[in-house]
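*Asks:* Sequence and computational prediction follow.
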Amino acid sequence: MPLLGRRGPSPTFIQMLRDTLNDGRELSKKDPERAKVMLRKIHRLISDADESERLAIENNKDEVIKILLEAGSLLFELSDKEKSIDFFEKVKEYNPKLPEPYYQIAKILASQNIQLSYALVNLQKAVELNPKFEDAMILMGDIYRIQGKIDETIKWYREAFNISKNRIDILDKILAIDPNNRDALYSKLSYYKEKGDKESLANIYLQLALLENKIELIDEGLKISPDNVQLLKEKARFLINQGKFNEAEKFLEKVEKLKPDDPELTIIKEMMVQKPSTSESIFEDIIVEQAIPKVEEIIESANNPESLRSMITAYISFNEFRENLKKAMEMLDVENAIILEELIKNGYNPEEFPFRDDLKAIIKPIEQFVKNNYDEAEKLLNEYVSKNQKNAYAWYYKYKIAKIKGNENAAKNFRLMAMKLNPKLEKIEM
């Protein structure tokens, strides 16, 4: 029996919480505004509980926590984000060793791109309480990505993948930031081997072959996918670079049968123009005369951004090509942004090329962008657009940076602004 003057646990309070949650759950499907009012009532009832109701809560703490978690999640789904945080904070009061509320608070803050430092504090606590909480690790990576802290981003994505082992989406997040991340590519390779996904496996072999300059990786890819056109073309390029023109020709013939209209065929074939020789096996010092692309060929390759990039990388060291490129630039438009990026990548001074004023004005931020210094590039672009809001390229690169950082809302807005100012930019969007 309770002591004189003290009341025991309320016999109806927990049922009232259950009924209120159930009403809010039902209303959320047909009347969101009334559902919000009903769900908020749960927090108010718990916060204003009298002594007997608090005893009921104490005796049924696990159930009360479940009610708070579900109500908070429903409010988040109904876009009542600020109030939903109160529910998860209340759960932390009742059980500070439960990782879920810390994660939920961080998720709400990250969805609004606010109080990211506090979001990270909550995520670190969630991972401390549950070292295998992969969703918390992924969200931590997402927030660091928004902040431009790439090393921390990749670290937490990698931690999450090491736990899950089967979430290819995590590796895709790493490769979206660092397309040449070897660890992520080799992890993808293992994943696709296990799944038996031959086409994807062949594409990873291709990417690794280009990254590591190893023909053996091309061969591994062709064992899996012998009709993969990209692998066949790269095999031909490798052989041409080794002076094995007859072997290269066989691979190009196969490409021609599989994809006769491939625009790269002509470029690759021109790489094989050479002085007459009796036999490749007799003469090791065959002199290859590069067939430098003409102005019209450069312009034609600009229809495919990747072809243009490949052509510049292959021929930029030739003076004749650089002169042809300058002439082509006079007739090209938005494609000159690709040319600018490739010149910077290959160590050439953009000032020596005929860029128009709108690109010239933002060479410095583009240089930082190409070097993956996204924070500095963003800072320079922000300074520029504060004074000149009509440069489509400035908004285009702000869009690219926001996309890399995972800030989808900002990316969408910047892209709209860029395309409004210059719709042709869509031609070079990758």
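*Replies:* Noted; the coordinates are in hand. Numbers count the residues shown, from 1 in each chain.
*Asks:* Output stretch 333-346 as PDB, restricted to C-alpha atoms.
*Replies:* Below are the C-alpha coordinates for stretch 333-346, written out as PDB (Å, rounded to 0.1, in the frame of the first residue of the first chain):
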ATOM      1  CA  ASP A 333      30.900  27.900 -76.800                       C
ATOM      2  CA  VAL A 334      30.300  26.300 -73.400                       C
ATOM      3  CA  GLU A 335      32.700  23.500 -74.400                       C
ATOM      4  CA  ASN A 336      35.500  25.900 -73.600                       C
ATOM      5  CA  ALA A 337      34.800  25.300 -69.900                       C
ATOM      6  CA  ILE A 338      35.900  21.600 -70.400                       C
ATOM      7  CA  ILE A 339      39.000  22.900 -72.300                       C
ATOM      8  CA  LEU A 340      39.800  25.200 -69.400                       C
ATOM      9  CA  GLU A 341      39.600  22.300 -66.900                       C
ATOM     10  CA  GLU A 342      41.800  20.000 -69.000                       C
ATOM     11  CA  LEU A 343      44.400  22.700 -69.600                       C
ATOM     12  CA  ILE A 344      44.700  23.200 -65.800                       C
ATOM     13  CA  LYS A 345      44.900  19.500 -65.200                       C
ATOM     14  CA  ASN A 346      47.700  19.100 -67.700                       C
END
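*Asks:* helices and strands around whichever helix or strand residue 21 is part of, which ones?
*Replies:* With the criterion set as DSSP states H and E, the secondary-structure element containing residue 21 is helix 13-27. If you count contacts as 3 or more C-beta pairs under 8 Å, 6 or more residues apart in numbering; DSSP states H and E, helix 13-27 packs onto helix 32-47, helix 51-59, helix 61-77. The way it works is simple: take the backbone N, C-alpha and C, and place the C-beta from them, glycine included.
*Asks:* what comes up buried for the longest one?
*Replies:* In this case it means helix 61-77. 64-65, 67-76 (16 or more other C-beta atoms under 10 Å).
*Asks:* next one: that helix to chain centre, how far?
*Replies:* Here the centre of mass of C-alpha atoms in helix 61-77, compared against the chain's by C-alpha atoms, centre = their mean, to the nearest Å, lies 32 Å away.
*Asks:* same deal with the second one?
*Replies:* Taking C-alpha atoms, centre = their mean, one finds helix 51-59 lying 48 Å from the centre of the chain it belongs to.
*Asks:* do the same with the first one
*Replies:* Relative to the chain's own centre, helix 32-47 is displaced by 38 Å; criterion: C-alpha atoms, centre = their mean.
*Asks:* what angle sits between it and helix 13-27?
*Replies:* Angle between the axes of helix 32-47 and helix 13-27 is 160 degrees (criterion: axes from the mean of the first three to the mean of the last three C-alpha atoms, to 10 degrees).
*Asks:* Check the average confidence over helix 32-47, would you?
*Replies:* Per-residue pLDDT values across helix 32-47 average out to 95.
*Asks:* neighbouring contacts of it?
*Replies:* With contact meaning C-beta atoms under 8 Å, 6 or more residues apart in numbering, helix 32-47 is reached by 13, 16-17, 20-21, 23-25, 27-28, 53, 57, 64, 67-68, 71, 74-75, 78, 80, 83, 86-87, 90.
*Asks:* try 10 Å this time
*Replies:* Contacts to helix 32-47, defined as C-beta atoms under 10 Å, 6 or more residues apart in numbering, come from residues 13, 16-29, 31, 53-54, 57, 64, 67-68, 70-75, 77-80, 83-84, 86-87, 89-90, 93-94.
*Asks:* Brilliant, that's me finished.
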